[in-house]
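In: Please find the sequence and the predicted model below.
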Amino acid sequence: MKFRPCIDIHAGVVKQIVGSTLSDLKTDAAPVTNFVSTVSSQEYAAMYKLDNLHGGHIIMLGASEANEKAALSALKAFPLGMQVGGGITSENCKLYLDQGASHVIVTSYVFRNGQIDMDRLKQLRDVAGKDRIVLDLSCRKKDDGHYYIMTDRWQIFTNVFLSQELLENLAEYCDEYLVHAVDVEGKRCGIQEELVQLLGQWSPIPVTYAGGARSLDDLDLVDRLGQGKVDLSIGSALNIFGGEIPYDAVVAWHKQNEKETNH
């Protein structure tokens, strides 16, 4: 199991936002923001490179020139070290891959009208290559007990829910999965343990879980529940994003676990 760092960009600035409060709707409600950084996206990426933390994700929260510029500057600081997502399509994915992204992260482009658009998924695979695609399967649990994939800034439920069959089928089109637990993301209220267990049981390819982490102990918890197969991303709870978990302690845990895994 690995720790996967993150850089969330909103209005060109690194922020930590409660993802479920983001909306494209023209309302007066602003997203709930946990933290606004004075440190640039490029500086965060350079720090991750220095600490040899590969496979983290850069997420552009909204389409804007400022977000794109900040994302590209982060990629430049850590070439092939980070993945990028937010508005990725088959038309623009090559731009980010050519500018240093190890992978592009995609959700809404391939999940349309409540279903998987297989034509778009195949087209994306043809352009980017299977080994450079991450499918974001961020989800919320419904009363029927299933975790349904969310699109459009996590505002819209699809009719597709997580299952072993789904994860096995989609693995033909991507290299990894990224799964935010939408109900707890950004809230530091504890991880969704059941979801981590299911991902560890079902996913045939690398998968990163994000959402709800609140203490250093969550690294051990995810490692155990996910049977070592589920990586963990921590955002708002880290002290580099205004939280209480020491970033240096997480890096030390990551390096120690990596050492033990390789021996």
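Out: Here it is on my side, so go on. All values derive from a computational prediction rather than experimental measurement.

In: Tell me who's in contact with the residue nearest to Ala46 when sequence neighbours are not counted.
Out: Leaving out its chain neighbours, the residue that sits closest to Ala46 by Cβ to Cβ, 6 or more residues apart in numbering is Ala77, at 4.5 Å. No exception for glycine: its C-beta is placed from N, CA and C like everyone else's. Contacts here follow Cβ atoms under 8 Å, 6 or more residues apart in numbering; on that basis Ala77 touches Gln42, Glu43, Ala45, Ala46, Lys49.

In: List the ones among these that fall in helices.
Out: Among the contacts of Ala77, DSSP state H puts Gln42, Glu43, Ala45, Ala46, Lys49 in helices.

In: burial count for the second one?
Out: Burial of Glu43, expressed as a neighbour count using other Cβ atoms under 10 Å, amounts to 16.

In: same deal with the last one?
Out: Burial measure for Lys49: 15 neighbouring residues, criterion other Cβ under 10 Å.

In: List the residues that contact it.
Out: Ala77, Phe78, Gly81.

In: The protein: helices as residue ranges?
Out: With DSSP H as the criterion, the chain has helices spanning 41-50, 65-77, 93-98, 118-128, 164-170, 193-202, 217-225, 247-261.

In: Would you format those as CSV with distance to Phe241 and mean pLDDT included?
Out: Output for those, formatted as CSV (distance: least, Cβ to Cβ, whole Å; pLDDT from 0 to 100):
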stretch, distance to Phe241, mean pLDDT
helix 41-50, 9, 98
helix 65-77, 15, 97
helix 93-98, 23, 98
helix 118-128, 29, 97
helix 164-170, 29, 98
helix 193-202, 21, 98
helix 217-225, 15, 97
helix 247-261, 9, 95
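
In: Adding distance to Ala181 as columns, could you present these in a markdown table?
Out: Formatted as a markdown table, those follow (distance: least, Cβ to Cβ, whole Å):
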| stretch | distance to Ala181 |
| --- | --- |
| helix 41-50 | 23 |
| helix 65-77 | 24 |
| helix 93-98 | 25 |
| helix 118-128 | 23 |
| helix 164-170 | 16 |
| helix 193-202 | 5 |
| helix 217-225 | 11 |
| helix 247-261 | 19 |
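
In: closest to Met150 out of these?
Out: Among those, the nearest to Met150 by Cβ to Cβ is helix 193-202 (13.0 Å).

In: Identify each buried residue in that closest one, please.
Out: By neighbour count on 16 or more other Cβ atoms under 10 Å, the buried set for helix 193-202 is Glu193, Leu195, Val196, Gln197, Leu198, Leu199, Gly200, Trp202.

In: again, but for stretch 202-221
Out: 202-203, 205-214, 216, 218-219, 221.

In: Also stretch 67-84?
Out: 67-68, 70-75, 77-78, 81-84.

In: so which of those residues comes closest to Glu165?
Out: Gln83 (25.1 Å).

In: Dig out what that closest one forms beta bridges with.
Out: On the basis of DSSP bridges, Gln83 is bridged to His57, His103.

In: how about it, what does it touch?
Out: Contacts of Gln83 by Cβ under 8 Å, 6+ apart are Gly55, Gly56, His57, Ile58, Ala101, Ser102, His103, Val104, Ile105, Val134, Glu176, Leu178.
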